[in-house]
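A.B. asks: pasting a predicted model and its sequence here:
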Amino acid sequence: MYIKSFVLISSLFFGGFAYAQNVGDALRYSNIDPSGTARFLGAGGAMGPLGADLSVVGTNPAGIALYRKSEFTVTPGVFFNNTTARVSATGEAFDENRTVFNFHSIGVVMTSQPYSGKWTTSNFSITLNNIGNFNRQFTYRSNTTGSIAQRWQELANDPSIGFNSFEVGLASDAGLIYDIDDNPDDYEIDYEGYEDQVLDKTQTVTTRGASTELSFAFAANYDERLMIGLSIGVPIIYYEYESLYTESDEKNDQGGRVPYFESLEYDDQYTTTGGGINAKLGLIYRVNQAFRISGAIHTPTGLNMEDEYETTLINNYFEDADESGEFIGGDASSTGLFEYSLKTPWRFFGGVGFLLGKNGFVSGEVELADYNNNKFSYDGFDQEEQVVNGEINSRLKSVMNIRLGGEFVMNQFRFRSGAGIFPSAFVGDDTRTYSFSAGAGIRQPGYFVDLGYRLTSNEELFFPYDTQAADLQEIATDFSLHRLLLTFGLKF
């Protein structure tokens with residue numbers, strides 16, 4: 001999947017509590033990437049109309065009704081991440097690589113046959129599928145004018161923010177900004193020369209974690225024509241974020257470029273954990289032996305979330321402007337916990353599938369989600385809640401994702417490929433994104449083995465901090481995720 005988006009990554013805090021959620025958080029936790037088994041991944045995730053794969057619980061649970069035998073599957077996976085961060089001002093690029101192993105999916109479906117009427121199957125499944133991957137890392141180094149201290153000075157001198165800002169409190173406690181004559185609206189940076197001098201800047205951003213969903217599904221087959229399925233999903237979220245940002249002043253025989261200043265280090269870490277519940281209702285109608293149509297509705301997911309954070313600011317400076325005096329410094333840190341909730345939007349699925357006799361299938365599925373219907377809820381912070389939800393409503397939009405896939409059968413062997421089209425969820429961004437996948441497998445009466453591969457590529461613009469006093473730093477990041485899954489399955 002090729003994604004182009006624009007992300008402002010700077011600490012945005014509201015008065016009254018330290019951390020506030022933003023548009024990026026809402027999109028991260030509401031966007032799903034169903035890809036449980038290797039077969040499902042290799043066929044482009046477009047198996048909702050065809051069913052008979054445990055991954056369809058995440059898109060159209062009616063597909064569980066098409067099982068004739070009970071089945072158990074386990075899918076380990078490996079993720080190869082590569083991120084290139086390019087400083088727009090200089091064109092210099094920095095590469096980072098990471099490899100992550102995990103159990104991508106595990107599940108079982110139990111089949112049964114009713115004793116009377118036209119209900120031919122009645123099946124139940126339990127699955128645990130990965131629906132989101134948060135693992136990535138990038139680093140950049142630049143030499144540009146200005147400082148993050150100018151952002152904190154602007155926040156301190158803004159009457160609507162002032163010391164209510166979490167960042168301003170740290171900057172003041174570390175001695176980086178100070179008030180003139182105890183005037184709360186006239187803060188200055190503790191050093192002179194920030195505005196015109198070049199500083200050496202480095203930042204490493206690391207994220208870890210995933211979202212997984214535990215699902216319980218029941219599906220039935222009526223007269224070999226209509227398949228109906230219902231699932232209850234319990235998403236589980238774990239997300240770690242760490243940003244280490246530094247500024248330093250290179251020294252020479254004449255001293256540094258900025259009087260008094262040596263370096264600063266801003267370490268921002270937080271962990272988000274959460275869980276929730278949703279429901280999915282799906283239908284598949286078999287028009288004839290070869291042609292099927294499908295539809296599904298996903299209710300909003302109600303998530304209860306908790307952020308645990310720790311932030312440290314270290315400010316190193318000299319006693320005298322010519323740096324002949326004692327080397328001293330200041331530091332400040334803060335920890336905290338914040339609980340909140342998020343309601344994600346409704347989702348609607350529709351699809352068609354064609355069986356090519358005993359030679360395989362082709363299928364297509366569309367997904368509609370209106371991301372501006374994400375809603376945060378803060379207990380006791382009504383104004384902040386209104387601000388962030390207003391930002392979500394104005395910056396996000398509805399999208400229609402398209403997934404296509406197919407499978408070719410050659411005796412006991414299976415060969416698969418898939419593709420997808422994914423519009424940007426940001427207002428004003430009309431770019432379309434694409435995905436490509438492939439896979440193969442072998443089927444035997446009592447077992448099967450499948451291999452699936454997908455490449456995901458993202459382009460984002462990263463802004464370390466926002467200030468009116470200096471040119472906005474722009475870091476372009478190119479992110480590639482190679483996902484390789486191996487599924488082992490038993491039929492019984």
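C.D. replies: On my side now, so go ahead.
A.B. asks: where in the stretch 201-350 of the chain is pLDDT low?
C.D. replies: Scanning the stretch 201-350 of the chain for pLDDT under 70 picks out 251-257, 319-327.
A.B. asks: now do the strands in it.
C.D. replies: 226-248, 261-286, 291-298, 302-318, 327-343, 347-355 (DSSP state E, counting those that start in this stretch).
A.B. asks: other SSEs contacting the longest one?
C.D. replies: Secondary structure elements in contact with strand 261-286, counted by 3 or more Cβ pairs under 8 Å, 6 or more residues apart in numbering; DSSP states H and E, are helix 148-156, strand 198-222, strand 226-248, strand 291-298, strand 302-318, strand 327-343. Every C-beta, even on glycine, is put in place using the N, C-alpha and C of the backbone.
A.B. asks: can I get the ones you listed in CSV with distance to Val258 and mean neighbour count?
C.D. replies: Below are the helices and strands packed on strand 261-286 laid out as CSV (distance: least, Cβ to Cβ, whole Å; neighbours: other Cβ atoms under 10 Å):
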stretch, distance to Val258, mean neighbour count
helix 148-156, 10, 23
strand 198-222, 7, 20
strand 226-248, 9, 19
strand 291-298, 54, 20
strand 302-318, 9, 19
strand 327-343, 15, 15
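A.B. asks: and those: which comes nearest Val449?
C.D. replies: Counting by Cβ to Cβ, Val449 lies closest to strand 198-222 out of the helices and strands packed on strand 261-286; the figure is 22.9 Å.
A.B. asks: okay, the strands of the stretch 201-350 of the chain in TSV with distance to Phe413 next?
C.D. replies: Formatted as TSV, those follow (distance: least, Cβ to Cβ, whole Å):
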stretch	distance to Phe413
strand 226-248	27
strand 261-286	26
strand 291-298	24
strand 302-318	42
strand 327-343	44
strand 347-355	18
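A.B. asks: of the helices and strands packed on strand 261-286, which is nearest Asp173?
C.D. replies: strand 327-343 (3.5 Å).
A.B. asks: output the closest one as PDB, restricted to C-alpha atoms.
C.D. replies: Provided in PDB are the C-alpha atoms of strand 327-343 (Å, rounded to 0.1, in the frame of the first residue of the first chain):
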ATOM      1  CA  PHE A 327      29.500  24.700  32.900                       C
ATOM      2  CA  ILE A 328      26.100  24.400  34.600                       C
ATOM      3  CA  GLY A 329      22.600  23.300  33.500                       C
ATOM      4  CA  GLY A 330      19.000  22.700  34.400                       C
ATOM      5  CA  ASP A 331      16.600  19.800  33.900                       C
ATOM      6  CA  ALA A 332      13.000  19.000  34.500                       C
ATOM      7  CA  SER A 333      10.800  16.000  34.100                       C
ATOM      8  CA  SER A 334       7.200  15.000  34.400                       C
ATOM      9  CA  THR A 335       5.200  11.700  34.500                       C
ATOM     10  CA  GLY A 336       1.500  11.200  34.300                       C
ATOM     11  CA  LEU A 337      -1.500   9.100  33.400                       C
ATOM     12  CA  PHE A 338      -4.500  10.100  31.400                       C
ATOM     13  CA  GLU A 339      -7.600   8.000  30.700                       C
ATOM     14  CA  TYR A 340     -10.100   8.700  27.800                       C
ATOM     15  CA  SER A 341     -12.300   6.900  25.300                       C
ATOM     16  CA  LEU A 342     -12.600   6.900  21.500                       C
ATOM     17  CA  LYS A 343     -15.600   5.900  19.400                       C
END
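A.B. asks: helices or strands next to that strand in the packing?
C.D. replies: Looks like strand 327-343 contacts helix 23-30, helix 166-173, strand 261-286, strand 302-318, strand 375-377 (3+ Cβ pairs under 8 Å, 6+ apart).
A.B. asks: go with 7 Å
C.D. replies: helix 166-173, strand 302-318, strand 375-377 (3 or more Cβ pairs under 7 Å, 6 or more residues apart in numbering; DSSP states H and E).
A.B. asks: among the strands of the stretch 201-350 of the chain, which comes closest to Asp382?
C.D. replies: Closest among the strands of the stretch 201-350 of the chain, once you apply Cβ to Cβ, is strand 327-343, at 12.6 Å.
A.B. asks: ok, and what's touching the closest one?
C.D. replies: Identification of contacts with strand 327-343 by Cβ atoms under 7 Å, 6 or more residues apart in numbering yields 17-19, 21, 26, 29, 170, 173-175, 262, 300, 302-319, 374-378.
A.B. asks: so what strands line up beside that strand?
C.D. replies: The strands that strand 327-343 pairs with in its sheet are strand 302-318 (antiparallel), strand 375-377 (antiparallel) (by DSSP bridges).
A.B. asks: got JSON lines for the ones you listed, with distance to Thr477 too?
C.D. replies: Listed next are these as JSON lines, based on distance: least, Cβ to Cβ, whole Å:
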{"stretch": "strand 302-318", "distance to Thr477": "23"}
{"stretch": "strand 375-377", "distance to Thr477": "26"}
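A.B. asks: Lys69 is nearest to which of these?
C.D. replies: Here strand 302-318 is closest among the strands paired with strand 327-343 (Cβ to Cβ), at 35.3 Å.
A.B. asks: and the strands paired with strand 327-343: which comes nearest Arg286?
C.D. replies: Across the strands paired with strand 327-343 (criterion: Cβ to Cβ), the nearest stretch is strand 302-318, sitting at 34.0 Å.
A.B. asks: and the angle for the closest one with strand 198-222?
C.D. replies: With axes from the mean of the first three to the mean of the last three Cα atoms, to 10 degrees applied, the angle from strand 302-318 to strand 198-222 works out at 170 degrees.
A.B. asks: any idea how far strand 302-318 is from the chain center?
C.D. replies: 20 Å (Cα atoms, centre = their mean, to the nearest Å).
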